[in-house]
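Asks: Requesting a structural model of the entry that follows:
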Amino acid sequence: MIKKIQKRAIIALTAAIQCLTGCSTIDTAKVSIVPKPLSFTETNGEFELTANSRIIIIAGSSYNEIKQNIAEYLAKILRGSTGFSVEIAQAPETPADGDIVFRLAAFETPRSCYIESYDLIVDEKNITITANEPAGLFRGVQTLRQLFGADIERKGPVHDKKWSITCVEISDSPAYQYRGLMLDVARHFFPKEVIMRQIDLAAQYKINKLHLHLTDDQGWRIEIKSRPALTEIGSLGAVGGAPGGYYTQEDFIEIVKYAAARYIEVIPEIDMPGHVNAALVSIPELNPNGIPPKPRTDIAVGYSTLQARSEVTYEFVEDVIRELAAISPSKYIHIGGDEADATPLEDYLYFIGRVSEIVKKYGKTTIGWTPYDRSEAIVPDAVIQNWFCTPGTFNYSNSKNLQVILSPAWTYLDQKYNTNTKLGLQWRGFVNLRSSYNWFPSKMAPNANIYGIESALWTETIVTQDDMDYMLYPRLMANAEVGWTQEKNRNYSDFRRRLPGQFARLDALEVNYSKRYD
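Replies: Residues are numbered from 1 along each chain as shown. All right, here's what the predicted structure looks like:
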């Protein structure tokens, strides 16, 4: 036990030194880890997983959570490809050779983002993942999956294979607390199974937030029981006349629970006061003349608005926020706020303030797109998602000392890779893999205000699961490394050298990733 503590102390010291020097290195000939860990040291020998290997949990009161969400999760992956039974047991202090150990324990030295930090030691006898919180163990499991190589992801047993790993010592922490993926399910609707699959894929790369854009001009995708017309009428449309659809509240709860088991927080967005044509079509009294407009299936923006000076509007908003808050455990509700060109500025600022107070009333914190931070009435703990990311656009959020989520052009994964890309738009320019990787949050906003980054997949041209895969991968992996890995440790050439191992993994998982990403 003393030797294990001494080893962990050495790892922590090594991590601190490497963090200062920026010299974290990975032997890319042997391993392919994305995002790149804070500290990686190869040691002598190798570990072999065998038919007798178990997962051992040393966790005290968190045992049940770790067994259900992490140990069973890893065991299912290992059983499928190895054919081994991989039993789960609780806390013998001396694990047998070949066991994988999950240990929940306080770190000897302080860590930033300690909730998701972990140490992973692979020696010739055991694999040990130590973390301060269950989320850290889960992030460590994602690194362990990658150490095993792509075959570990196969759905059926891989015969006559030696399941060995080079001995390593890894100490890891994320650069930013918030590392998100936004999926637009309003322009085109995607069944819950598609969303849950993307949750699994994103979790591999340590994404910890899923932002669902649930409403827009073309479709309303979440059931509001007090306003049934929103789904009876508003859910029917989609871009280009494609089939619509919506999530029942039970569907949404299922998605949220599925994500939570992978330590991903689902943040729902109801876009307003613009992007509301689906709501206006559904509820006549939201319109100034009481006459609903026609449904829209085009991709124009900026033409629709709620009435900012009508109490009918706020009765509607409160119904929506009340029901959404009741089924969403996230501390946040995203209220949109961008491209409200049809809303006079004075009305826009008033509206944002009123809606922020409604969100606060139901125990939630608001997030909004630029320029919602211009409102003086937003609550002090509000979060701004900045999609312009130019110096002048931070003036309001900086003056209010708001936390900022950065979503610059290079995180807009609905944009074409290049001129040959059949899917996507290009109003933000081409976004290839290099540009998705080679940007630095610290150059865009004060570090103290950066909450994190978020990749956005708008779905004007995204119709199928394969479309979604193609536009997300491999660019989401690049964005994930921007969010997790310290800037001083990032290098695009090194990232590219690690990609072949990731492509083999995506092949094993049957992901339709783009092979023309430059």
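
Asks: CA atoms only for stretch 355-370, dumped as PDB, please.
Replies: Extracted as PDB, the C-alpha positions of stretch 355-370 are listed here (Å, rounded to 0.1, in the frame of the first residue of the first chain):
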ATOM      1  CA  VAL A 355     -37.000  35.200 -19.600                       C
ATOM      2  CA  SER A 356     -33.800  35.000 -17.500                       C
ATOM      3  CA  GLU A 357     -35.900  35.700 -14.400                       C
ATOM      4  CA  ILE A 358     -38.300  32.900 -15.300                       C
ATOM      5  CA  VAL A 359     -35.400  30.500 -15.700                       C
ATOM      6  CA  LYS A 360     -34.100  31.600 -12.300                       C
ATOM      7  CA  LYS A 361     -37.600  31.100 -10.800                       C
ATOM      8  CA  TYR A 362     -37.400  27.400 -11.600                       C
ATOM      9  CA  GLY A 363     -34.000  27.000 -10.100                       C
ATOM     10  CA  LYS A 364     -32.000  27.000 -13.300                       C
ATOM     11  CA  THR A 365     -29.100  29.200 -14.800                       C
ATOM     12  CA  THR A 366     -29.400  30.700 -18.200                       C
ATOM     13  CA  ILE A 367     -27.100  30.100 -21.100                       C
ATOM     14  CA  GLY A 368     -27.600  32.200 -24.300                       C
ATOM     15  CA  TRP A 369     -26.000  32.800 -27.600                       C
ATOM     16  CA  THR A 370     -24.300  36.100 -28.500                       C
END
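
Asks: can you give me how far it is from the chain middle?
Replies: Distance of stretch 355-370 from its chain centroid, counting by Cα atoms, centre = their mean, to the nearest Å, is 21 Å.

Asks: Could you tell me the average pLDDT over it, please?
Replies: Taken as a whole, stretch 355-370 carries a mean pLDDT of 97.

Asks: ok, now stretch 220-235?
Replies: On average, stretch 220-235 scores 98.

Asks: contacts for that stretch?
Replies: Contact partners of stretch 220-235, identified using Cβ atoms under 8 Å, 6 or more residues apart in numbering, comprise 185-186, 189, 214-215, 219, 244-249, 252, 268, 270, 278-279, 281-283, 316, 319-320, 323-324. Every C-beta, even on glycine, is put in place using the N, C-alpha and C of the backbone.

Asks: Report the buried residues of that stretch.
Replies: Buried residues in stretch 220-235, counted by 16 or more other Cβ atoms under 10 Å: 220-224, 227, 229-231, 233-235.

Asks: for stretch 278-298, same thing?
Replies: Buried-residue list, stretch 278-298, by 16+ other Cβ under 10 Å: 278-283, 286-287, 292, 295-297.

Asks: out of the contacts of stretch 220-235, which are inside helices?
Replies: When those are checked against helices (DSSP state H), the matches are 249, 252, 278-279, 281-282, 316, 319-320, 323-324.

Asks: Residue 105 reaches residue 130, doesn't it?
Replies: Yes - the pair residue 105 / residue 130 is scored as a contact, 5.8 Å apart, by Cβ atoms under 8 Å.

Asks: Which one of these two is surrounded by more residues?
Replies: Between residue 105 and residue 130, counting by other Cβ atoms under 10 Å, residue 130 is the more crowded of the two (24 against 15).

Asks: residues in contact with that one?
Replies: Residues counted as contacts of residue 130 (Cβ under 8 Å, 6+ apart) are 8, 103-105, 107, 118-121.

Asks: Now for those: which two are most distant?
Replies: 104 and 121 (15.1 Å; Cβ to Cβ).

Asks: Can you get me the start-to-end distance on stretch 469-480?
Replies: Stretch 469-480 has an end-to-end distance of 15 Å (Cα to Cα, to the nearest Å).

Asks: distance between that stretch and the chain's centre?
Replies: Its chain's average C-alpha position is 12 Å from that of stretch 469-480, according to Cα atoms, centre = their mean.

Asks: same thing with stretch 270-289?
Replies: Offset of stretch 270-289 from its chain centre (Cα atoms, centre = their mean): 29 Å.

Asks: mean confidence score for that stretch?
Replies: Per-region confidence: stretch 270-289 scores 98 on mean pLDDT.

Asks: Please apply the same query to stretch 328-347.
Replies: The pLDDT scores in stretch 328-347 average 98.

Asks: and it, which residues are buried?
Replies: Using 16+ other Cβ under 10 Å as the test for burial, stretch 328-347 gives 328, 330, 332-340, 342-343, 347.

Asks: would you put the C-alpha positions of it in CSV?
Replies: This file holds the C-alpha atoms of stretch 328-347, laid out as CSV (Å, rounded to 0.1, in the frame of the first residue of the first chain):
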residue,chain,number,x,y,z
SER,A,328,-34.1,18.2,-16.8
PRO,A,329,-31.6,17.7,-13.9
SER,A,330,-29.1,20.1,-15.6
LYS,A,331,-28.5,23.3,-13.7
TYR,A,332,-28.8,25.1,-17.1
ILE,A,333,-31.5,26.0,-19.6
HIS,A,334,-30.3,27.5,-22.8
ILE,A,335,-32.6,30.2,-24.1
GLY,A,336,-31.0,30.8,-27.5
GLY,A,337,-31.1,34.5,-28.3
ASP,A,338,-29.2,34.8,-31.6
GLU,A,339,-30.3,36.1,-35.0
ALA,A,340,-33.4,37.8,-33.5
ASP,A,341,-33.4,40.4,-36.4
ALA,A,342,-37.2,40.8,-36.3
THR,A,343,-37.1,41.9,-32.7
PRO,A,344,-36.4,45.6,-32.0
LEU,A,345,-33.3,45.9,-29.9
GLU,A,346,-35.1,47.5,-26.9
ASP,A,347,-37.7,44.8,-27.0
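
Asks: Chain neighbours aside, what residue packs nearest to residue 505?
Replies: residue 150 (4.4 Å; Cβ to Cβ, 6 or more residues apart in numbering).

Asks: likewise residue 251?
Replies: residue 192 (5.0 Å).

Asks: So which of the buried residues of stretch 278-298 is the closest to residue 497?
Replies: Ranked by distance to residue 497 (Cβ to Cβ), these are led by residue 297 at 44.4 Å.

Asks: Helix or strand: which one has that closest one?
Replies: Residue 297 is part of no helix or strand when elements are defined by DSSP states H and E.

Asks: Distance of the spatially closest residue to it that is not a sequence neighbour relative to residue 462?
Replies: Leaving aside its sequence neighbours, residue 297 sits nearest to residue 241 (Cβ to Cβ, 6+ apart; 5.1 Å). According to Cβ to Cβ, to the nearest Å, residue 241 and residue 462 sit 15 Å apart.

Asks: So which of these two has more stuff around it?
Replies: The residue with more neighbours, out of residue 241 and residue 462, is residue 462; 25 against 10, by other Cβ under 10 Å.

Asks: Torsion angles phi and psi at that one?
Replies: Main-chain torsions, residue 462, degrees, to the nearest 10: phi -100, psi 120.

Asks: Residue 468 is in contact with that one, correct?
Replies: Yes - if you go by Cβ under 8 Å, residue 462 and residue 468 touch, sitting 5.6 Å apart.

Asks: what's the closest of the buried residues of stretch 220-235 to residue 58?
Replies: residue 222 (40.8 Å).
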